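In: Show me the folded form of this:
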Amino acid sequence: MMTSICIAFKNDFDEIDSVVRHLLDTAQSDDLEILVYNDGSVYGSNKPRPLKLNYNNVRIINNSKSFGVGYSFDRCVEQASGDIVILMGSDVYPREGWYEKVRNAVSRNPNTLGCAVCVGLNPERMDMDDPKCFKRYGADLLFTVSNDDLPRDSALRLRRGGYTDLFKAKWLMGKQSDEPYAIPCVLGAMYFTTRAFWQKIHGFDTEINNKYCGHRMWGSLEPYISLKYWLSGEGCRLFSNIEAGHVFSRIDIYNQFSKGGRSAEWMFWNRLFMLETMIFDETLKRKLYNFMHPELNWNVAKKMIKDHWMEVQKVTERNRQLFIRDHTIFTEKFGYSFDIKNS
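Out: Residues are numbered from 1 along each chain as shown. Next up is the predicted model:
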């Protein structure tokens, strides 16, 4: 059974060779292929910069334009040969022994999105056993954030109900069990599932009838795919026996931490796209709209949705057929409350 590792890559040329070599050395399997999607990397002059790696069973997909992490993963999965797909960034080093553990996890849970423990690596030491390295165990999925989650001096406390940041993922700090267990949302360094189920739910929806529609660039990536797995499959699961070291990039490749500019537009497009295509209860949808964070370029994001309304509606209608569960699953498993007040 072939396994395909799908790596979303952009501009991190100093790290990628080391990552690929580590994956091949620790897997040591002929049933493995690695696909690296180069998402519009550039030279200093902003000219396209192709990626080259000289390894067997490693394929490079060079794209001269940048469409984002979700697009990179979707295109990688499309071209993958494996029954099992592993999705990761270009700065991830799983702990030795990971390969068979991932294969066993996916074989036993084919409709689940698995998540490894994320170990934050110090780029100077690269030691996963360093006690200073934090460990995170997936994430909570916050449909809303209450006043209690905000700093006391936050101006957002003055807003209606104090709710903000729809579909925010929040790190889970402590391990709940040595056995695999359900988590609301994957978050961290490495995810794994079957290629068949990923394609069944259309991944990040980044191409609809040959038009770029779904997840854009950066922001709300994990909440989106986690919500899909909960509503259509068997949800998300943390495998605490699989650890992946993550060298958190010092390069802000998608400008995600900048205030203003395209990053805010992408972030709010992603949240609105989720709201429009995956929340089918109209009353809940109206309430959630009411609590969206009116931050930078919010109106631009709403216009983007309007400009692509036909594609958005096609995804919505398709998802109505795919997602056989509703959001009460979060109440039943994790104690969420959707009794959101409008004032």
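In: so which helix or strand takes in Y336?
Out: Here Y336 sits in a region with no helix or strand, counting by DSSP states H and E.
In: Show me what the host helix or strand of N104 is packed up against.
Out: Remark: N104 resides in helix 98-108, with elements defined by DSSP H and E. Where contact means 3 or more Cβ pairs under 8 Å, 6 or more residues apart in numbering; DSSP states H and E, helix 98-108 is packed against strand 3-9, helix 13-27, strand 84-89, strand 113-120, strand 190-194, strand 236-246. (Each C-beta comes from the backbone N, C-alpha and C, glycine too.)
In: Under a three-state scheme, what state does F280 occupy?
Out: For F280, the assignment made with DSSP: H, G, I helix; E, B strand; the rest coil gives coil.
In: Could you do W269 as well?
Out: Following three-state DSSP, W269 is assigned to helix.
In: swap in the one 5 residues further on?
Out: Secondary structure of M274, reduced to three states by three-state DSSP: helix.
In: would JSON lines of the helices and strands packed on helix 98-108 with mean pLDDT be doable?
Out: As requested, the helices and strands packed on helix 98-108 are exported to JSON lines (pLDDT from 0 to 100):
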{"stretch": "strand 3-9", "mean pLDDT": "96"}
{"stretch": "helix 13-27", "mean pLDDT": "93"}
{"stretch": "strand 84-89", "mean pLDDT": "96"}
{"stretch": "strand 113-120", "mean pLDDT": "95"}
{"stretch": "strand 190-194", "mean pLDDT": "97"}
{"stretch": "strand 236-246", "mean pLDDT": "95"}
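In: closest to H308 out of those?
Out: strand 3-9 (22.7 Å; Cβ to Cβ).
In: Direction included, what does that closest one pair up with?
Out: Applying DSSP bridges, strand 3-9 is found paired with strand 32-39 (parallel), strand 84-89 (parallel).
In: quick one: contacts of that strand?
Out: 16, 19-20, 23, 29, 31-39, 41, 51, 69, 72-73, 76-77, 80-90, 99, 102-103, 195 (Cβ atoms under 8 Å, 6 or more residues apart in numbering).
In: Same check on stretch 18-35?
Out: Stretch 18-35 is contacted from outside by 1-7, 36, 53, 55, 57-59, 61, 76, 79-82, 90-94, 96-99, using Cβ under 8 Å, 6+ apart.
In: Ends of that stretch, what's the gap?
Out: This stretch, stretch 18-35, spans 15 Å end to end (Cα to Cα, to the nearest Å).
In: Please point out which parts of that stretch sit buried.
Out: In terms of neighbour count (16 or more other Cβ atoms under 10 Å), stretch 18-35 has its buried residues at 19-20, 23-24, 27, 32-35.
In: any low-confidence regions in this structure?
Out: Within the chain, the stretches with pLDDT under 70 are 144-165, 249-264, 290-298, 339-343.
In: Taking the centroid of it, which residue is nearest it?
Out: E222 (2.9 Å; Cα atoms, centre = their mean).
In: And that one, how close does it get to F204?
Out: E222 sits 11 Å away from F204, taking Cβ to Cβ, to the nearest Å as the criterion.
In: Also F334?
Out: Distance from F334 to F204, by Cβ to Cβ: 23 Å.
In: out of the two, which sits in the busier spot?
Out: Taking other Cβ atoms under 10 Å, F334 and F204 do not tie; F204 has more neighbours (25 against 13).
In: Buried residues in the helix holding N104, which are they?
Out: 98-99, 101-103, 105-106.
In: Let's have those residues in TSV, adding distance to L113.
Out: Listed next are the buried residues of helix 98-108 as TSV, based on distance: Cβ to Cβ, whole Å:
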residue	distance to L113
W98	17
Y99	18
K101	16
V102	12
R103	15
A105	11
V106	10
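In: Look up the closest residue to M173, ignoring the ones flanking it.
Out: In this structure, M173 finds its nearest non-sequential neighbour in R136, 6.7 Å apart by Cβ to Cβ, 6 or more residues apart in numbering.
In: Does the one you found touch C118 like I think?
Out: Yes - here R136 reaches C118: they are 4.5 Å apart, a contact under Cβ atoms under 8 Å.
In: So for the two, which residues contact both of them?
Out: With Cβ under 8 Å, 6+ apart as the test, R136 and C118 both reach 187-188.
In: Good, we can wrap up now.
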